[in-house]
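Asks: below: sequence and its predicted model.
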Amino acid sequence: MLVLLLLAVSCAPPPTTQLPVTCGATTGGHAGAETQLRFVEASDTEIVLTFGASSASNVFDVPAFELTPLEGAGSPRAYRLKVSGSSTLNPDGTASYRGLKGLEPGGRTVRAIDLIDEAARVVTFTVALERDVCPFVAAKVYQYGKSPRAQIALTFGGASALTIETISDAVGGAPIGTPVQGSGAGYEPSSNIRITIGGRLVWDTTANADGTFDSGFWIPDREPGLYTVTATDGHGHVGTTTLRVMAQRTKK
């Protein structure tokens with residue numbers, strides 16, 4: 001389960017370095033890598049695709065992708081995102097992705113992301129925006145427990161990326177004491193990352209040299225409810241998500 005929501009924080013200082021944006025076509029990833037699509041997440045300022053390993057190949061990395069502007073798509077700005085070496089179905093025919101084929105965050109920036117085609121281990125999406133803005137594009141690999149992960153992220157409006165992944169089978173939340181992993185991109189390289197839940201510091205970690213981070217922590221003891229999770233680097237870069245904390249399970 002992956003929960004995600006990125007928001008701009010008005011009280012944050014301006015970033016010391018602006019995230020580079022891409023208005024034209026761009027490519028990334030590694031040709032020959034094979035993955036399985038696991039999650040598609042969208043908020044008003046971010047779109048994230050998360051991939052897991054595939055039995056189709058032992059070569060795991062960010063799958064090759066191409067982001068291309070679309071003309072005449074009926075929105076102020078639109079893109080086609082084609083990802084090669086991935087599928088929503090495992091080689092044995094079971095589903096690796098169980099989410100919706102279309103997501104509409106309903107905000108001021110991201111109108112929708114739709115999975116429009118899948119064939120020969122190539123998945124294609126369209127991204128429609130409400131405003132004429134260009135994305136910051138990030139791609140990374142990391143480890144979630146013993147499971148390799150890869151992400152392709154598009155962020156808008158200067159927002160950094162932040163996702164929270166948990167093994168919990170509780171839809172939309174995680175019980176107290178659940179191990180989770182925070183993963184981010186678009187932060188000051190080698191900076192100290194402070195992670196808060198409901199405004200209270202729960203974890204510190206350090207960004208990598210490329211401005212990404214991955215760090216595991218436990219859901220602390222909190223009253224059940226929906227909480228804001230933030231990651232800040234002290235240099236004006238902020239990623240925000242929400243997490244529903246659920247009551248700790250009792251043993252039967």
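Replies: That came through fine. Treat the numbers as computed from the prediction; the structure is a model and nothing was measured.

Asks: what's in contact with the helix or strand hosting Leu115?
Replies: Assigned by DSSP states H and E, Leu115 belongs to strand 110-119. Contact with strand 110-119 is made by 40, 42-47, 75, 81, 87-88, 101-105, 123-130, 156, as judged by CB atoms under 8 Å, 6 or more residues apart in numbering. (Each C-beta comes from the backbone N, C-alpha and C, glycine too.)

Asks: quick one: average pLDDT of the helix or strand that that strand is followed by?
Replies: Scanning forward in sequence from strand 110-119 by DSSP H and E, the next helix or strand is strand 122-129. Averaged over strand 122-129, pLDDT sits at 98.

Asks: for strand 122-129, packing partners?
Replies: strand 77-84, strand 110-119 (3 or more CB pairs under 8 Å, 6 or more residues apart in numbering; DSSP states H and E).

Asks: taking their axis directions, the shortest one and strand 122-129 sit at what angle?
Replies: Here strand 77-84 points in a direction 160 degrees away from that of strand 122-129 (axes from the mean of the first three to the mean of the last three CA atoms, to 10 degrees).

Asks: same deal with the last one?
Replies: Between the axis of strand 110-119 and that of strand 122-129 there is an angle of 160 degrees, by the same axes, to 10 degrees.

Asks: export only the CA atoms of strand 110-119, formatted as PDB.
Replies: In PDB, the C-alpha atoms belonging to strand 110-119 read as follows (Å, rounded to 0.1, in the frame of the first residue of the first chain):
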ATOM      1  CA  VAL A 110      -3.100  18.000 -12.100                       C
ATOM      2  CA  ARG A 111      -6.400  17.200 -13.900                       C
ATOM      3  CA  ALA A 112      -5.900  13.500 -14.500                       C
ATOM      4  CA  ILE A 113      -3.500  10.600 -15.300                       C
ATOM      5  CA  ASP A 114      -5.000   7.800 -17.400                       C
ATOM      6  CA  LEU A 115      -3.500   4.400 -18.300                       C
ATOM      7  CA  ILE A 116      -4.500   4.300 -22.000                       C
ATOM      8  CA  ASP A 117      -2.600   1.400 -23.500                       C
ATOM      9  CA  GLU A 118      -0.700  -1.700 -22.500                       C
ATOM     10  CA  ALA A 119       0.900  -4.100 -24.900                       C
END
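
Asks: show me where the stretch 101-250 of the chain has strands.
Replies: Secondary structure of the stretch 101-250 of the chain (DSSP state E, counting those that start in this stretch): strands at 102-103, 110-119, 122-129, 136-144, 147-155, 161-166, 173-175, 179-185, 192-197, 200-206, 213-218, 225-232, 238-246.

Asks: related to what we said a few turns ago, now the strand holding Leu115: average pLDDT?
Replies: Mean predicted lDDT for strand 110-119 stands at 96.

Asks: so where's the stretch 51-200 of the chain shaky on pLDDT?
Replies: 167-172 (pLDDT under 70).

Asks: swap in 90 and give it another go.
Replies: Scanning the stretch 51-200 of the chain for pLDDT under 90 picks out 71-74, 105-107, 144-146, 157-159, 164-180.

Asks: now do the contacts for Gly184.
Replies: Ser160, Ala161, Leu162, Thr163, Ile193, Ala207, Thr212, Phe213, Asp214, Ala231, Gly239.

Asks: distance of it from Gly85?
Replies: 24 Å (CB to CB, to the nearest Å).

Asks: and if you look at Gly24?
Replies: Gly24 is 23 Å from Gly85, by CB to CB.

Asks: Ser54 touches Arg38, doesn't it?
Replies: No - look at Ser54 against Arg38 with CB atoms under 8 Å: they stay out of range, at 10.5 Å.

Asks: shared neighbours, the two?
Replies: Ser96.

Asks: follow-up on the earlier one: as TSV, the strands of the stretch 101-250 of the chain with distance to Asp92 would be great.
Replies: TSV is the format used below for the strands of the stretch 101-250 of the chain (distance: least, CB to CB, whole Å):
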stretch	distance to Asp92
strand 102-103	26
strand 110-119	16
strand 122-129	18
strand 136-144	22
strand 147-155	17
strand 161-166	23
strand 173-175	29
strand 179-185	26
strand 192-197	37
strand 200-206	36
strand 213-218	29
strand 225-232	35
strand 238-246	32
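
Asks: fine by me, we can end here.
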